[in-house]
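J.: Provided below are the primary sequence and the corresponding predicted coordinates.
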Protein chains: 2
Amino acid sequence: MNFAGHRQWTAAFSTETLCARILERHRDTVRVQKPHVAVANLARIIEATLKLSNKQGFHATSLRDLAQASGLSMGGLYSYFDNKTTLLSMILGEVTTTVNEVLGAAADEIRKDPPDHLKWLIETHIRLTEAMQPWFVFAYMEAKSFPAHERRMAVDSEAATEEIFAAVLRQGVANGTFAIADIELTASLIKPLLQDWYVKRAKYRKRGTTIEQYIEAVSAFVEAAVQPRRH
Amino acid sequence: MNFAGHRQWTAAFSTETLCARILERHRDTVRVQKPHVAVANLARIIEATLKLSNKQGFHATSLRDLAQASGLSMGGLYSYFDNKTTLLSMILGEVTTTVNEVLGAAADEIRKDPPDHLKWLIETHIRLTEAMQPWFVFAYMEAKSFPAHERRMAVDSEAATEEIFAAVLRQGVANGTFAIADIELTASLIKPLLQDWYVKRAKYRKRGTTIEQYIEAVSAFVEAAVQPRRH
DNA sequence: AAAGAAAACGAGCGCTCGCTCGATTTTTTT
DNA sequence: AAAAAAATCGAGCGAGCGCTCGTTTTCTTT
């Protein structure tokens, strides 16, 4: 994938593109054969699921609501998943796969410089969660009600993201550009700063905060915390 | 209330004490007359509600589960609330009332010095959410499924907490002890750092992070971000 | 245009939900 | 110890849930 320009970025995270990837990963449970039909309907189903779940919760969203909102029938839905939990897994799996793929794709020249790499990670994470906002809100808010296996996936994914940050901090401490008392704990504290952008999106929208302002604020906040102090 | 010592602090936030306050606020909906009976049973009901809801979500917790876990019957429960939503409101109301009460109770000598006040707010918030952890997790996780009125309460309460932090930052900028580009945005970013302690409590427990370490890490993180830089 | 395959349909099943209410037990009053 | 009041009980109600399956519609092939 190419994340260089805004046009490619937007296309890469459109519901259609994401649902095409979901279809690949769930070929065995989706009973509709023609890919372009399956992708189109999956997109309608998942768009409806995200919309309704983020308003009232996944558990409170009935398959009748979902059928009406997606334009399919009750029975029609079951050609795309074998039970309600599978639908949840489809969305969660796509979020965890994508976030690890994207955050791990920093160019080599960026990796060389820990402060650059840290700033890139912050910006990329915030822009990714903006492009896939309903997906991330869903994964975050529904995590507690996941079945055991899905829950583990979510926890592991969170740990993996945190470790990406920890590795950069460690590298920066090693070459002297950062001074940090507790690397793991600092990495843990960066995550909620990134998550706040999508978890409390409504608050920032009402307040008129732009994504650029938010990226700048978080970057400055984190940079101040990791920079060596001069006494 | 006196929050000076650990013993008083613990007693002030015991389930019984909190339920006594809930009873006061809901005298009209609780149909059991003798206060000591009402408080004791309310405590059992709410303890069961927090335990089950934080494991599987409030919506997924049935009143039959709740009856079994609290030791009351289905009908018995309805002597303490008139419907399931009222039970949710009782818990939410107690959380919002308490957090504003406690964070607004800084001593005058602490208020005088913005850095002291900021540090006090961070420590007090984290210790309060530790003492009432299941209550805060409940309020945070169930917020999205609140009915309109309760939801507004939660949003307003969050805004009020944020404004307490913003006021201190503003005071510090005015007297030159802080240097901050965007006060409101910085105040917004402090909140998720505080919330992470109770939202992801399991992670920190597994990792062996103590509350003192966490308070210290967040304080250091925030202090670095608000301190004037020396070039 | 007829036949076969693929996709979509939606009434209906068993079950659990929030909630009620007459019966029963416990406590208080006399 | 009898009567009155307070508190608790739990079977039962209608509604709505996830899910199924015999039928109908749409598309593809010939």
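T.: Everything's here; your move.
J.: Show me the domain layout of chain A.
T.: Domain ranges of chain A: A:6-88, A:93-226, per automatic domain parsing.
J.: so which strand or helix has A:Pro192?
T.: Using DSSP states H and E, A:Pro192 sits in helix A:183-199.
J.: what's the helix or strand where A:Tyr204 lies packed up against?
T.: Under the criterion of DSSP H and E, A:Tyr204 resides in helix A:201-207. Judged by 3 or more Cβ pairs under 8 Å, 6 or more residues apart in numbering or on different chains; DSSP states H and E, helix A:201-207 is in contact with helix B:183-199. In short, each C-beta sits where N, CA and C put it, glycine included.
J.: quick one: buried residues of the next helix or strand after the helix holding A:Tyr204?
T.: Following helix A:201-207 in sequence order, the next helix or strand is helix A:211-226 (DSSP H and E). Buried residues in helix A:211-226, counting neighbours by 16 or more other Cβ atoms under 10 Å in any protein chain shown, are found at A:214-226.
J.: which secondary structure element contains the residue in chain A that DNA strand C sits nearest to?
T.: Closest residue of chain A to DNA strand C, Cβ to the nearest atom of the strand: A:Gly75 (1.5 Å). In this structure, A:Gly75 is located in helix A:74-77 according to DSSP H and E.
J.: that older thread, with distance to DNA strand D as added columns, please give the buried residues of helix A:211-226 in JSON lines.
T.: Formatted as JSON lines, these follow (distance: Cβ to the nearest atom of the strand, whole Å):
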{"residue": "A:Tyr214", "distance to DNA strand D": "35"}
{"residue": "A:Ile215", "distance to DNA strand D": "38"}
{"residue": "A:Glu216", "distance to DNA strand D": "42"}
{"residue": "A:Ala217", "distance to DNA strand D": "40"}
{"residue": "A:Val218", "distance to DNA strand D": "37"}
{"residue": "A:Ser219", "distance to DNA strand D": "42"}
{"residue": "A:Ala220", "distance to DNA strand D": "44"}
{"residue": "A:Phe221", "distance to DNA strand D": "41"}
{"residue": "A:Val222", "distance to DNA strand D": "41"}
{"residue": "A:Glu223", "distance to DNA strand D": "46"}
{"residue": "A:Ala224", "distance to DNA strand D": "47"}
{"residue": "A:Ala225", "distance to DNA strand D": "44"}
{"residue": "A:Val226", "distance to DNA strand D": "45"}
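J.: For those, work out which two are farthest apart.
T.: Pairwise distances among the buried residues of helix A:211-226 were taken by Cβ to Cβ; the largest, 18.7 Å, belongs to A:Tyr214 and A:Val226.
J.: Tell me the residues on chain A that lie near DNA strand C, please.
T.: A:31-34, A:37-38, A:41, A:71-76, A:78-79 (Cβ under 7 Å from any atom of the strand).
J.: Pull out the buried members of these.
T.: By 16+ other Cβ under 10 Å, the residues of chain A next to DNA strand C give A:38, A:41, A:72, A:79 as buried.
J.: so where's chain A shaky on pLDDT?
T.: Applying pLDDT under 70 to chain A flags residues A:1-5, A:230-231.
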